[in-house]
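[1] mind folding the following:
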Amino acid sequence: MNFLAHFHLAGTDPGFIIGALLGDFTKGPINSCSFHKNIAFNSLPINTIKGVRLHRAVDAAFDHHAALKKISALMPRESQRLHGIILDLFFDYVLSHHWERYCNQPLQHFAQKINQTLSDHQGYFCTKSSNFCRRLIEHQLLERYGERSLIYAIAERLGQRLGQKKLMMQSTEELWAHEKQCIPYFFEIYSEMQAIASDRRKQLLADDPRSNSTVCHKASKQNIF
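    Numbers count the residues shown, from 1 in each chain. Below you'll find the predicted structure:
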């Protein structure tokens, strides 16, 4: 799942929204030093860590979905380690084009609210997440993930970063050649992700907030543009 999908699945709570972003910028077990070292969670909404937990739960369910393997099989086997990046981008692209199916709020208005929430807390993010946040808002990315030219530009940039530009572009082209075949898989997967995210949000909101307190012991997904 890429950022538009994660923000949509996060619901309306500011903490969960911020966690949807920071899920791609935090590493290691929650409450470990590696998890907290670059982010001032004490200054962020109380549900931020729960939002990160939700992000991780959605990613785990998405990555192991049987239908996702069917889509992945349409791309070259030699590019298998790149498939996750391409599929994340593809899902935001398809979600953008079928937004009315999943949300009564226009995409532009949804994106503006997300951007405002992120902007209000941007000063508490680490350098990488803060820089990405600025790009997300400045380039209106949430509103533009439905532009195929943008998806190709992101794929090309990431391919260059990984030293796999040619293979990345070939795999992206191959997936889009099967776009119509893949859309029913998207509907199947995303409906299940909505159900999983809804159930997980309820569980997390019912948790004792003290269980998510910040603890750091002395011995203690390539982000997408």
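[2] C-alpha only now, for contacts and for neighbours.
    OK.
[3] where does the chain dip in pLDDT?
    31-42, 208-225 (pLDDT under 70).
[4] apply 50 and report the result again.
    Low-confidence segments of the chain (pLDDT under 50): 210-225.
[5] please enumerate the helices of it.
    3-10, 14-22, 33-36, 48-63, 66-72, 83-97, 99-102, 107-121, 127-138, 141-144, 148-162, 165-177, 179-206 (DSSP state H).
[6] please name every helix or strand in contact with the fifth one.
    Meaning helix 66-72. Helices and strands touching helix 66-72, by 3 or more C-alpha pairs under 8 Å, 6 or more residues apart in numbering; DSSP states H and E, are helix 179-206.
[7] again with the second one
    The criterion is 3+ C-alpha pairs under 8 Å, 6+ apart, and the helices and strands that helix 14-22 contacts are helix 3-10, helix 48-63, helix 107-121.
[8] hmm, who's touching stretch 77-91?
    Residues outside stretch 77-91 that contact it (C-alpha atoms under 8 Å, 6 or more residues apart in numbering): 1-2, 5, 63, 72, 75, 145, 151, 155, 167-168, 171-172, 186, 224.
[9] what about 7 Å?
    Here stretch 77-91 makes contact (C-alpha atoms under 7 Å, 6 or more residues apart in numbering) with 1, 2, 72, 151, 167, 168, 171, 172.
[10] stretch 47-55 now?
    The contact list for stretch 47-55 (C-alpha under 7 Å, 6+ apart) reads 6, 10, 15-20, 22-23, 197, 200-201, 204, 212.
[11] again, 6 Å this time
    15, 16, 18, 19, 20, 23 (C-alpha atoms under 6 Å, 6 or more residues apart in numbering).
[12] ok, the fifth one to residue 59 distance?
    In this structure, residue 20 and residue 59 are separated by 11 Å, where distance is defined by C-alpha to C-alpha, to the nearest Å.
[13] those two: who's more crowded?
    Higher neighbour count among residue 20 and residue 59: residue 20, with 30 against 18, using other C-alpha atoms under 10 Å.
[14] now do the same contact list for that one.
    Contacts of residue 20 (C-alpha under 6 Å, 6+ apart): 6, 7, 51, 52, 55.
[15] tell me the contacts of the second one?
    Residue 7 sits next to 17, 20 when contact means C-alpha under 6 Å, 6+ apart.
[16] how far away is it from residue 21?
    8 Å.
[17] most packed of the helices and strands packed on helix 14-22?
    Comparing those by mean neighbour count (mean count of other C-alpha atoms under 10 Å), helix 3-10 ranks first with a mean of 24.
[18] can you tell me the closest non-neighbouring residue to residue 43?
    Ranked by C-alpha to C-alpha, 6 or more residues apart in numbering and with sequence neighbours excluded, the top spatial neighbour of residue 43 is residue 124, at 6.9 Å.
[19] neighbours of that neighbour, how many?
    When neighbours are defined as other C-alpha under 10 Å, residue 124 has 16 of them.
[20] separation between it and residue 48?
    Taking C-alpha to C-alpha, one finds residue 124 at 12 Å from residue 48.
[21] which of the contacts of residue 20 sit farthest apart?
    The largest separation in the contacts of residue 20, counting by C-alpha to C-alpha, is between 7 and 52 at 11.3 Å.
[22] between the contacts of stretch 47-55, which is closest to residue 192?
    Out of those, the member with the shortest distance to residue 192 (by C-alpha to C-alpha) is residue 20, at 17.8 Å.
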